[in-house]
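Asks: fold the following, please.
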Amino acid sequence: MYTRILVAVDGSNTSRHAFDAALALAKSTGAVMQPFYVVENTPMYFEAPGYDPSILRNRLVEEGKELGAEFAQAMAAQGVKGELAVGEASSLDDVSVLVLKAAADFNADLLVMGTHGRRGFQRLILGSVAERCVRQASLPVLLIPSAAAGKVSGDA
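Replies: Sure, this is the predicted structure:
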């Protein structure tokens, strides 16, 4: 079935549920899994006194390293091979572009992502990385809604 699974992670509970689902699937199919974390750069054009965007960027890089260690441990405990990859968003490449590029570079045959399930005005303002990936993907995409917390299990 699936042999190479890329799962988008960002440290949120929703992406942790997606990671858990991808991990259970990878374990059951013997797939290699690659968690993918994106460092989102905040706009660098603020001219507020004391504003230093590198502080936030450095923290996001550290968060990526922490998640990498946590996910590597969870994958090893389940006997799933793979390691975290990291990308960095820019004004040219947003998160969805980077996720799809990472999936192609990894030669993934499945992309797993969490989705917050926002509707209406929130969705309009915040957009949806998951939705953009689904619309532009050339591979199957498994969306794990935040409401599925506790329902994802490797025992199914």
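Asks: which parts of stretch 54-61 are buried?
Replies: 57, 60 (16 or more other Cβ atoms under 10 Å). Just so you know, the C-beta spots here come from the backbone N, C-alpha and C atoms, and that holds for glycine as well.
Asks: please disregard the earlier target; I meant stretch 91-99.
Replies: Quick answer for stretch 91-99 (16+ other Cβ under 10 Å): 95, 96, 97, 98, 99.
Asks: make CSV out of those and add pLDDT.
Replies: CSV is the format used below for the buried residues of stretch 91-99 (pLDDT from 0 to 100):
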residue, pLDDT
95, 89
96, 91
97, 92
98, 94
99, 95
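Asks: quick check, nearest of these to residue 21?
Replies: Using Cβ to Cβ, residue 99 is the member of these that lies nearest residue 21, at 16.1 Å.
Asks: ok, the nearest residue to that closest one once chain neighbours are set aside to residue 50 distance?
Replies: In space, residue 99 comes closest to residue 8 once its chain neighbours are excluded; the distance is 5.0 Å by Cβ to Cβ, 6 or more residues apart in numbering. Distance of residue 8 to residue 50, given as Cβ to Cβ, to the nearest Å: 33 Å.
Asks: these two: which is more packed in?
Replies: residue 8 (28 against 4; other Cβ atoms under 10 Å).
Asks: host element of the more buried one?
Replies: strand 4-9 (DSSP states H and E).
Asks: and residue 57, by the same measure?
Replies: helix 53-78.
Asks: who are the packing partners of the following helix or strand past that helix?
Replies: Using DSSP H and E, the next helix or strand after helix 53-78 towards the C-terminus is strand 85-88. Applying 3 or more Cβ pairs under 8 Å, 6 or more residues apart in numbering; DSSP states H and E, one finds that strand 85-88 contacts strand 32-39, helix 53-78, helix 95-106.
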